[in-house]
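Novice: Have a look at this prediction, sequence included:
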Amino acid sequence: MNVSASLGLNLTPPSNNNINDSESVAAGVLGACNFFAIQFRNHVVDVVRNAELSGLSGASAVQGGGSLSPVARDVCAFASIVAGREVTEGRGGVWPKLFYCFRCGDSNAASTVLKQFGNVSVSSDDMSAVDPQVVELVSQLAQMQKDNDTIFGDSTNGNARPVQQLQSSLLSPGNSIVQNRRAVWDLYERTKTRNPSLSAAEPFVAYRAACLALLGGSESISESTSLESSGIVKTVEDYLYASLWYAVLLADTSSDGGIGGLKKTSEAVARLGGLIKQWGPSYFEQDDASDNQYSSAASAVAMATQGGVSMSIPRSGGWAYSLPLMASQQYATAMASLADVGGGLGLLQATHVAVVGDAAGLPLNDFISDEHSSSNASQVLLPMLVCSYSASLQGSNVAAAVKYLMLLCGKGKLVKEQIQRLLLETRQFEALAGTVRGDGSRSNAALDEYFSKKEVSSLLAETAGDAIRAGKAADAAEILVLAGKYDALFSLMNRELASYLVVSTEEEFKKRQFWFNAASQFHAIHLSPGKTYVQSNLDEEGKMALGNTFQLLMNLVVFFDRCREHQWQAAWVLMDNLELLPKNENGSDMTIKVEAFSALDVCVKQVFHHVVIASMESLCHLYRTQRHGESSASVYQHNTLDQALNELQTRARLLVTFSRLINLPSSGDSDTYVKIAQLEKNMM
């Protein structure tokens, strides 16, 4: 749809920022009138061409049509088809031709029709004749139109008049035009007086009255009780065009202000918008598929935000209701309704119209005449539409989803929040953020088209934080790798590895295996010989301790696996090599181990009671094994076994002392010390 034509948009934002609302609304009325005029002209052409192809009488060449403009010829043929040839070629036949010229918004065509068919008479008795005031007014309007396609605007420059140029439009007629309007106004009133029932008068009389009402501006033909039964206003578009034409003629910025100012035009538009919302979509949709009633933009936005969707899509796709709303400048309700009832296509159309309107500086609000009322619908509606449409694309084209989000200029925080949502919902991390190369740098992807490397990294880090809070630690780990935030990554992996060192259920065991495998894979890819970017990053951040904790926890996982598999000797050898526990009764060794414990990461300290208990269990099992083999040992072997048993008892005793010095029971279960003491006692 040509938005500039339908909304009266000037796609170049005006340099004057002090333009008042009345002028902006009035310019929009001109654009809407221009749209409906061009639409009807195309309808006229279609009807005439189809009639010619079918050989319909009345569509043949118009008598004397050589001097008429192409539009005037088509209008004359159309009038013959619609009103009947006996009317258009009989007495007063000029009036239906003249009416449909103005329905096409073409004063030039109307002027040529008057020259060809107008029977000008000053007599007030002959109603079939054209009054001199009408001829003069049509001539003035043709001069105003010049070479434009319609009296409302020029289709070659966007079908709109910038608000700075209102002084050359219908909205600011000169004194001469105003005086002629008043004369035509009087003619209309006399016509109604002489023919109280226009439907009972000669056929041309209703067209005469409609022409006089349009030109004089005394009342809208869409609401004239005299013309109500004439059938001249047949469609919703006819009604809107007539109502908006009347709103245009209410304006008068001439020196005497005889008819009123632009404020009256604004009030008429607000009234029309209120009526349309009052009637609701069921009045306009032929299939009555939608019965949502929007009393305001706020309710429309609220309905769409809550995901309100009609059970079925109307045949018009929602446009039967949205177009009248847009014509009456109820933009927020129009777009919300279209997105709500039009299905996927409706959302697409509403989003694109809203984006173009916003780019042109059009406030996506519902216009109301109350100067003290305000609405933030524009601030809510556009982001809502764009985000909804972006979400509809994310399953098929995540790059396009990002591209639409970037249309929300000036909505930096919202855009980032939506991109974070996009990352977490689609999990298309490579498509959005690329992959990590062998040198540790990240390849370009969709986000890099709009953000710097630093901004993408920061965005990914924030997304990882959201993932952690949402319980999606695995996703967070992948995202942190792409973000190059290795300190945060190690903190996450260390925390998860520590959490699942000791497991009691099958689900916990699976998580333990997942994190161990993930950590092993990370180590193989990013910490293999020759790759130093991770270490360099940690060193720059002063977080090398995180890497050491990572290595320790990986070894502790293996230690607990060996304990679980009753590989007590292998488990104790590994523990002994980790240098976590005291080895001899030398006081300095105990002091060193206590200080080393104090320097451990908190995630290790929180599970260290499990390490001590498992270590004591290993010692206890090794002691029992040694004692069991003592009965069959030789004298020499006895000496060796006794020495080994004494060493195991010494290590157990040191472990008990160590657990007291580090205040171990407070780090875990209250009976941790009791368990350790009991295991030591079993070795006596």
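Specialist: Noted; the coordinates are in hand. Numbering: from 1, shown residues only.
Novice: OK, contacts around residue 658?
Specialist: Counting by C-beta atoms under 8 Å, 6 or more residues apart in numbering, residue 658 touches 581-582, 590, 593-594, 612. Every residue, glycine included, has its C-beta placed from N, CA and C.
Novice: Go again with 10 Å.
Specialist: By C-beta atoms under 10 Å, 6 or more residues apart in numbering, residue 658 lies in contact with 580-582, 590, 593-594, 597, 612, 615, 651, 664, 676.
Novice: Helix or strand: which one has it?
Specialist: helix 635-661 (DSSP states H and E).
Novice: Give the buried residues for whichever helix or strand comes after that helix.
Specialist: Remark: after helix 635-661, the chain's next helix or strand is helix 672-681, criterion DSSP H and E. Going by neighbour count (16 or more other C-beta atoms under 10 Å), the buried part of helix 672-681 is 672-673, 675-677, 679-680.
Novice: quick one: average pLDDT of the longest helix seen in the chain?
Specialist: Longest helix of the chain, by residue count under DSSP state H: helix 21-54. If you average the pLDDT over helix 21-54, you get 91.
Novice: in that helix, what counts as buried?
Specialist: 22-41, 44-45, 47-48, 51.
Novice: try stretch 533-541
Specialist: Result for stretch 533-541 [16+ other C-beta under 10 Å]: buried residues 533-534, 537-538.
Novice: which SS class is residue 223?
Specialist: Counting by DSSP: H, G, I helix; E, B strand; the rest coil, the backbone at residue 223 sits in coil.
Novice: does it really touch residue 245, like I thought?
Specialist: No: Residue 223 lies out of contact with residue 245 (C-beta atoms under 10 Å); the separation is 12.0 Å.
Novice: Of those two, which one has the most company?
Specialist: residue 245 (27 against 14; other C-beta atoms under 10 Å).
Novice: ok, residue 414 - contacts?
Specialist: Going by C-beta under 10 Å, 6+ apart, the list of residues near residue 414 reads 383, 386-387, 405, 408.
Novice: Any stretches of the stretch 351-500 of the chain with poor pLDDT?
Specialist: Within the stretch 351-500 of the chain, the segments meeting pLDDT under 70 span 370-378.
Novice: what ranges do the helices span in the stretch 201-350 of the chain?
Specialist: 203-216, 236-249, 262-279, 281-284, 297-305, 319-327, 331-341, 343-359 (DSSP state H, counting those that start in this stretch).
Novice: Would you mind finding the most buried of those?
Specialist: Looking across these with neighbours counted as mean count of other C-beta atoms under 10 Å, the highest average goes to helix 331-341: a mean of 30.
Novice: how much distance is there from it to the middle of the chain?
Specialist: Using C-alpha atoms, centre = their mean, to the nearest Å, the mean C-alpha position of helix 331-341 is found 13 Å from that of the whole chain.
Novice: hang on, the earlier thing: counting neighbours, which of the contacts of residue 658 comes out on top?
Specialist: residue 615 (26 neighbours).
Novice: Flag the shaky bits of the stretch 1-150 of the chain, pLDDT-wise.
Specialist: Ranges of the stretch 1-150 of the chain meeting pLDDT under 70: 1-20, 56-66, 120-126.
Novice: could the helices of the stretch 201-350 of the chain go into a markdown table alongside distance to residue 503?
Specialist: Rendered in a markdown table, the data for these read as follows (distance: least, C-beta to C-beta, whole Å):
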| stretch | distance to residue 503 |
| --- | --- |
| helix 203-216 | 84 |
| helix 236-249 | 69 |
| helix 262-279 | 62 |
| helix 281-284 | 59 |
| helix 297-305 | 44 |
| helix 319-327 | 58 |
| helix 331-341 | 49 |
| helix 343-359 | 46 |
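Novice: what's the least confident stretch among these?
Specialist: helix 297-305 has the lowest average pLDDT among these, namely a mean of 45.
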